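Colleague: this one's sequence-less:
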């Protein structure tokens, strides 16, 4: 008995007197059951049987019954897996879900109040299969609860008090208070709106920060199967058109790409493009099945959380088959590399039967390469063992570890962020305990205004402890790969917390834009010996 990559049933019959049984293998089932087949007529094959790839003569099959026998009806249909329709869990549905998971009841008021600020949506799969409702202690400490259920602790004391006062005394002012708090949470970090968007007024869903890569925000993809509480694009989901990136017309994106032959990669992002129906997604992907269409675009990527929030998207959703066929055509007919940029925070997310079935199908039938990335978030995955276990599990499944990010300066960052020195130590401890196949993961990386800045380690330079940093990506490509230093600071959590060494300067302006690259190396190290204060990190490939 086997299960195919999309989770559909493959039967192996066991013949015993009077009854024929078959093993049932349904997607997500914790084990296989031996059950009677539904009523049918079963004939002994004319051709030799085959077991585990070895042909077995019919004579070797016990002749326990006539050539054709009829099995009694028992009401079981073992052919198709059960179809589970996605239905989001919204604030209005929380009472119903609290009846199913009683530990949620004591949290309802906190969730509802904080959801006035932070967008909330959960998926049935995550709530039922990833949260450990039997865990000891406070259920809010479960990493998957913390991942999707907001709390007032995510607000500063000032914002907490302002919101509670508005709700309690003058509900008419609540909307204005909510807007003020959201505006203070830096809804578009790292210059996304001011610096990354083309000046063409018609391009409302395109970002072009790095020369070779364009980000595209399809209008229908600006939602997800669930919302992460730390999402740096939370402003996409609060219903404010002024804060939202979205593009409805595929032709506008194609026109922009045609005018920019330096672009080799397109990243479809959101939100989550895998929330779209396949017919909608095809409007953007179908043209790339033609190898002569925008031939300078070699690589297509889709950023998605669906493997963690709704893996059924790739297996049992009504248009999952069409999705696999579309992805395969882009690769086989269009000659493009297709990558699923999967947001995966922990090993648990790639350990369920449903997730494994989705991964296998994307690889085997969709022809996709899956790369994993996630931010390091306190209370969710701020532990080296969590990352090492995750990377090992991913490599075993054929997933390529890609990035460990630092929490961005937006939303509830203070609730989740980890100091840079601690993030670097977690990365180093995790990568050191894994094999070379896991060491494709880069980090900790800050996706900040000037570019992607990696914290490579901590060293003593001329008697002063210093961060060793490097650009993995930059608005000015000439900086990519260059190493620079900043004073060691245990409280630093972001690039704008960094201070240059005495007599040095950092490679960005006060506004965060990269300075001109010097004609000589950035600056020679002082003559004093450099003593390592932390084990050097492995060398990692650049983009």
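Modeller: Thanks, I have the structure now. Owing to the predicted nature of the structure, the values given are computational and were not obtained by experimental measurement.
Colleague: once you drop chain neighbours, what's closest to residue 465?
Modeller: Spatially, and ignoring its direct neighbours in sequence, residue 465 is nearest to residue 488 (3.7 Å; CB to CB, 6 or more residues apart in numbering). Every residue, glycine included, has its C-beta placed from N, CA and C.
Colleague: ok, the one you found - contacts?
Modeller: By CB atoms under 8 Å, 6 or more residues apart in numbering, the contact set of residue 488 is 421, 458, 464, 465, 466, 467.
Colleague: got the phi/psi numbers for residue 445?
Modeller: Backbone torsions for residue 445, taken as degrees, to the nearest 10, come to phi -120, psi 130.
Colleague: oh, I was asking about residue 484
Modeller: The phi/psi pair for residue 484 (degrees, to the nearest 10) is phi -150, psi 170.
Colleague: how far away is it from residue 119?
Modeller: Going from residue 484 to residue 119 by CB to CB, to the nearest Å gives 37 Å.
Colleague: what's the burial count for residue 86?
Modeller: Neighbours of residue 86 under the rule other CB atoms under 10 Å: 15.
Colleague: need the contact list for it.
Modeller: 123, 124, 225, 310, 312, 313, 317.
Colleague: I'd like the distance from stretch 294-306 to the chain centre, please.
Modeller: Here stretch 294-306 is found 15 Å from its chain centre; the criterion is CA atoms, centre = their mean, to the nearest Å.
Colleague: what does that stretch contact?
Modeller: Under the criterion CB under 8 Å, 6+ apart, residues 224-226, 228, 254, 257-258, 261-270, 272-275, 285, 287-288, 313-314, 330, 336-343, 358 lie in contact with stretch 294-306.
Colleague: domain-wise, how is the protein divided?
Modeller: With domains defined by automatic domain parsing, the chain comprises 13-71, 91-184.
Colleague: the residue nearest the centre of the chain pairs with what?
Modeller: The residue lying closest to the centre of the chain (CA atoms, centre = their mean) is residue 343, at 1.3 Å. The partner list for residue 343 in beta bridges (DSSP bridges) reads residue 373.
Colleague: quick one: the helices in the stretch 251-400 of the chain?
Modeller: Ranges of helices within the stretch 251-400 of the chain are 278-285, 306-309, 320-332, 353-364, 384-396, based on DSSP state H, counting those that start in this stretch.
Colleague: now the element after the last one, going C-ward?
Modeller: Beyond helix 384-396 on the C-terminal side, the first helix or strand identified by DSSP states H and E is strand 400-406.
Colleague: next helix or strand past that next one?
Modeller: helix 413-416.
Colleague: now do the buried residues in the helix or strand just after that following helix.
Modeller: Using DSSP H and E, the next helix or strand after helix 413-416 towards the C-terminus is helix 420-432. Within helix 420-432, the residues that count as buried by 16 or more other CB atoms under 10 Å are 420, 421, 422, 423, 424, 425, 426, 427, 428, 430, 431.
Colleague: go ahead and confirm residue 427 touches residue 387.
Modeller: Yes. At 7.2 Å, residue 427 and residue 387 qualify as touching, with contact defined as CB atoms under 8 Å.
Colleague: who touches both of the two?
Modeller: The contact sets of residue 427 and residue 387 overlap at 376, 404, 441 (CB under 8 Å, 6+ apart).
Colleague: quick one: contacts for the closest residue to residue 310 other than its chain neighbours?
Modeller: Spatial nearest neighbour of residue 310, excluding adjacent residues (CB to CB, 6+ apart): residue 225 at 4.0 Å. Taking CB under 8 Å, 6+ apart as the criterion, residue 225 is in contact with 86, 88, 121, 123, 125, 272, 275, 305, 306, 309, 310, 313.
Colleague: same question, residue 395
Modeller: Counted by CB under 8 Å, 6+ apart, residue 395 has contacts 401, 435, 437, 438.
Colleague: just give me the neighbour total for the third one.
Modeller: Pointing back at residue 437 there. Neighbours around residue 437, by other CB under 10 Å: 13.
Colleague: returning to that earlier point: hmm, which of the contacts of stretch 294-306 are the buried ones?
Modeller: 224-226, 228, 254, 257, 263, 265-270, 272-275, 285, 287-288, 313-314, 330, 336-343, 358.
Colleague: what comes up buried for the helix or strand harbouring residue 182?
Modeller: Under the criterion of DSSP H and E, residue 182 resides in helix 174-184. Neighbour-count burial for helix 174-184 flags 174, 177, 178, 181, 182 (criterion: 16+ other CB under 10 Å).
Colleague: spatially nearest residue to the second one (excluding sequence neighbours)?
Modeller: When you say that, I think you mean residue 177. Nearest to residue 177 is residue 166, by CB to CB, 6+ apart, at 4.0 Å.
Colleague: run a quick check on the one you found versus residue 174, I expect a contact.
Modeller: Yes. Between residue 166 and residue 174 there is a contact under CB under 8 Å: 4.6 Å.
Colleague: name the residues linked to residue 218 by a beta bridge.
Modeller: Beta-bridge partners, per DSSP bridges, of residue 218: residue 247.
Colleague: my guess is it contacts residue 274, does it?
Modeller: No. Residue 218 is not in contact with residue 274 according to CB under 8 Å; the separation is 11.0 Å.
Colleague: mutual contacts of those two, please.
Modeller: Joint contacts of residue 218 and residue 274 (CB under 8 Å, 6+ apart) are residue 281.
Colleague: quick check: pLDDT value at the closest residue to residue 252 other than its chain neighbours.
Modeller: Excluding its sequence neighbours, the residue lying closest to residue 252 (CB to CB, 6+ apart) is residue 202, at 5.7 Å. pLDDT recorded at residue 202 is 70.
Colleague: so residue 202 sits in a strand?
Modeller: No. Secondary structure of residue 202 (DSSP: H, G, I helix; E, B strand; the rest coil): coil, not part of a strand.
Colleague: burial measure for it, as a count.
Modeller: 12.
Colleague: what about the stretch 201-350 of the chain, any weak spots by pLDDT?
Modeller: Residue ranges of the stretch 201-350 of the chain with pLDDT under 70: 201, 232-248.
Colleague: that one: strands as residue ranges?
Modeller: In the stretch 201-350 of the chain, the strands defined using DSSP state E, counting those that start in this stretch lie at 206-210, 213-217, 265-269, 299-304, 337-343.
Colleague: quick one: closest of these to residue 476.
Modeller: The closest of the strands of the stretch 201-350 of the chain to residue 476 is strand 206-210. By CB to CB, the value is 10.0 Å.
Colleague: for the host helix or strand of the residue nearest to residue 177, buried residues please.
Modeller: Using DSSP H and E, residue 166 maps to helix 157-169. By neighbour count on 16+ other CB under 10 Å, the buried set for helix 157-169 is 159, 160, 162, 163, 166, 167.
Colleague: likewise stretch 487-496?
Modeller: 487, 488, 489, 492, 493, 494, 495.
Colleague: which residues touch the last one?
Modeller: Which is residue 495. Contacts of residue 495 by CB under 8 Å, 6+ apart are 446, 448, 449, 450, 453, 508, 512.
Colleague: got a winner among these for most neighbours?
Modeller: residue 453 leads the contacts of residue 495 on contacts (other CB under 10 Å) with 29 neighbours.
Colleague: just checking, that one is part of a strand?
Modeller: Yes. According to three-state DSSP, the state of residue 453 is that of a strand.
Colleague: thank you, goodbye.
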